[in-house]
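Asks: let's see this in three dimensions:
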Amino acid sequence: MDIRKHFLTSILLLIHTLYAQSSYDGVWVDEYTYNWIINNESMGNYAITNDYSWNNAKYYPNSSLIIDTETGSFFSPNLFGCKLEKIELEDEIPIIFLTKDYETVGYQWKIQLFIHEVSDCMIWFDFNDEIVGQTSDFGNSNYWYRISSPSVIPIQSAVVNDSRIRVRTLPNLDSDTWGYLNIGDFVKIKDKSDEPYEIEGESWYWYKVESENLPDGWVYGKYLDVKESNYENSKLAVNEKISKLEKLKTLYSQSNQIKRNSQNSKIEDNVTFSDPKKKKYSYFGNTFDEKKRILTITNNKILLPFNLTIGQTESDIRENFGEPDTINKNTWLFLEGTKFKYTAIFYLNDGILTKIEVKYEY
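Replies: Down below sits the predicted model:
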């Protein structure tokens, strides 16, 4: 009997230790960067994507802490070049054991960081090293916030079914907002709340999602169409539910937002004036009138809504955006609206998308 009890205790301890090792995997940002992202909607454009053992993940250079137990990787802005040896529980406190080799002098620096968990997505570190204590990364006044982590449940795909939907830092209405998603945006679901949450008489689960330009965050289930099929094969069925007018409005508004936020994208304003007597005005260096505005997109590094990118094939366009109203030799025309008219012209060369013009008239 004692042997069985000892065996079960050892198994439980092993499971607990393994969980402790992997549960902190992810990309974390310091409090300054956290507030910077929360208060600036365009901050997603500054994130860089990198490969980790669990998946691709976004990080912010010079302000991200990265933990990857499978590869033994640990990086912080002021504590680099270290190897993650293990994460173990001692008196219920997870401890990160790090080493750094100084081969020229034959010395190995050993560091222990004690993890204090405020929540699943917020931690701070204590330490047992005077040198570590001199950095600005650690201590109980320095919090770290998780912006990317491994999936807790099998990944599912979903599409956003409404405009300007908040992505929250935690699954509740009191938490901060990372940013916003719009109708037609595709996301990957990585976690789900334990219980439904009632808002204004409706009860839905919260879903933790990975999106293109935002940290991992929580979206209320009412605003997601969750798909049981795989991520890629669900796109066509999802897009059939979205009206052409909504697609054109979303394409225009998000192209405009990318243009305003991006420092590197070649998205230019070309303005056509239908009434030469109408007074022109200038805004952020661009000239407008009250009749028409055209956005021209030519950069293939820009991911537009509905997974559109320059360089796609005709079949990709049909799958992502639908069937055009008019097809000429090298142009596809999408048109919708009466008083407020949206037009998208897709320019193709040998069946490959080379440019999109999105026009709004009123």
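
Asks: need the contact list for N349.
Replies: N330 (C-beta atoms under 8 Å, 6 or more residues apart in numbering). In this view, the C-beta of every residue, glycine as well, is placed from N, C-alpha and C.

Asks: ok, it to F74 distance?
Replies: Using C-beta to C-beta, to the nearest Å, we find N349 at a distance of 47 Å from F74.

Asks: repeat for N330
Replies: From N330 over to F74 the distance is 52 Å, taken as C-beta to C-beta.

Asks: between these two, which one's more packed in?
Replies: With other C-beta atoms under 10 Å as the criterion, N330 and F74 differ in neighbour count, and F74 comes out ahead with 25 against 12.

Asks: what's the nearest residue to that one if we skip its chain neighbours?
Replies: Leaving aside its chain neighbours, F74 sits nearest to L84 (4.1 Å; criterion: C-beta to C-beta, 6 or more residues apart in numbering).

Asks: what's the helix or strand for that neighbour?
Replies: When secondary structure is defined by DSSP states H and E, L84 falls within strand 83-90.

Asks: now do the buried residues in the helix or strand following that strand.
Replies: Read in the C-terminal direction, the helix or strand following strand 83-90 is strand 93-102, with elements assigned using DSSP H and E. Taking 16 or more other C-beta atoms under 10 Å as the neighbour-count basis, strand 93-102 is seen to contain the buried residues 94-96, 98.

Asks: between strand 93-102 and strand 83-90, how many degrees?
Replies: Regarding strand 93-102 and strand 83-90, their directions subtend 160 degrees when assessed with axes from the mean of the first three to the mean of the last three C-alpha atoms, to 10 degrees.

Asks: so how far is strand 93-102 from its chain's centroid?
Replies: Centroid separation between strand 93-102 and its chain, computed with C-alpha atoms, centre = their mean, to the nearest Å, is 30 Å.

Asks: who's in contact with it?
Replies: Counting by C-beta under 8 Å, 6+ apart, the neighbours of strand 93-102 from elsewhere in the structure are 20, 24, 67, 74, 79, 81-89, 107-117, 125.

Asks: which other helices and strands does the strand holding L84 contact?
Replies: Packed against strand 83-90 by the contact rule (3 or more C-beta pairs under 8 Å, 6 or more residues apart in numbering; DSSP states H and E) you find helix 2-22, strand 73-75, strand 93-102.

Asks: how about a cut-off of 10 Å?
Replies: Using 3 or more C-beta pairs under 10 Å, 6 or more residues apart in numbering; DSSP states H and E as the contact criterion, the neighbours of strand 83-90 among helices and strands are helix 2-22, strand 64-68, strand 73-75, strand 93-102, strand 107-119.

Asks: parallel or antiparallel, which strands does the last one pair with?
Replies: Put plainly, it is strand 107-119. Note on strand 107-119: by DSSP bridges, its sheet partners are strand 93-102 (antiparallel), strand 122-127 (antiparallel).

Asks: tell me who's in contact with the residue nearest the centre of the chain.
Replies: In the chain, the C-alpha closest to the average C-alpha coordinate belongs to L214, at a distance of 3.1 Å (C-alpha atoms, centre = their mean). For L214, the contact set (C-beta atoms under 10 Å, 6 or more residues apart in numbering) comprises 37, 41, 43-44, 47, 58, 147, 167, 177-181, 185, 187.

Asks: mark which of these are buried, thanks.
Replies: In the contacts of L214, the ones that pass as buried (16+ other C-beta under 10 Å) are 37, 41, 43-44, 47, 58, 147, 167, 178-179, 181, 185, 187.

Asks: inside helices: which ones of these?
Replies: I37 (DSSP state H).

Asks: relative to P305, which of the buried ones among the contacts of L214 is nearest.
Replies: Here the nearest of these to P305, counting by C-beta to C-beta, is D185; it sits at 6.2 Å.

Asks: am I right that that closest one is in contact with A158?
Replies: Yes. If you go by C-beta atoms under 10 Å, D185 and A158 touch, sitting 9.4 Å apart.

Asks: so in terms of bridging, what pairs with V226?
Replies: Listed by DSSP bridges, the beta-bridge partners for V226 are A158.

Asks: these two touch, right, it and I153?
Replies: No. Judged on C-beta under 10 Å, V226 makes no contact with I153 at a distance of 11.5 Å.

Asks: common neighbours of the two, please.
Replies: Any residue near both V226 and I153 by C-beta under 10 Å, 6+ apart counts here, and that gives 189, 192, 207.

Asks: helix or strand: which one has the last one?
Replies: Secondary-structure assignment from DSSP H and E places Y207 in strand 206-210.

Asks: rewinding a little: which neighbours do D185 and A158 share?
Replies: Taking C-beta under 10 Å, 6+ apart as the contact rule, the neighbours common to D185 and A158 are 209, 219, 224.
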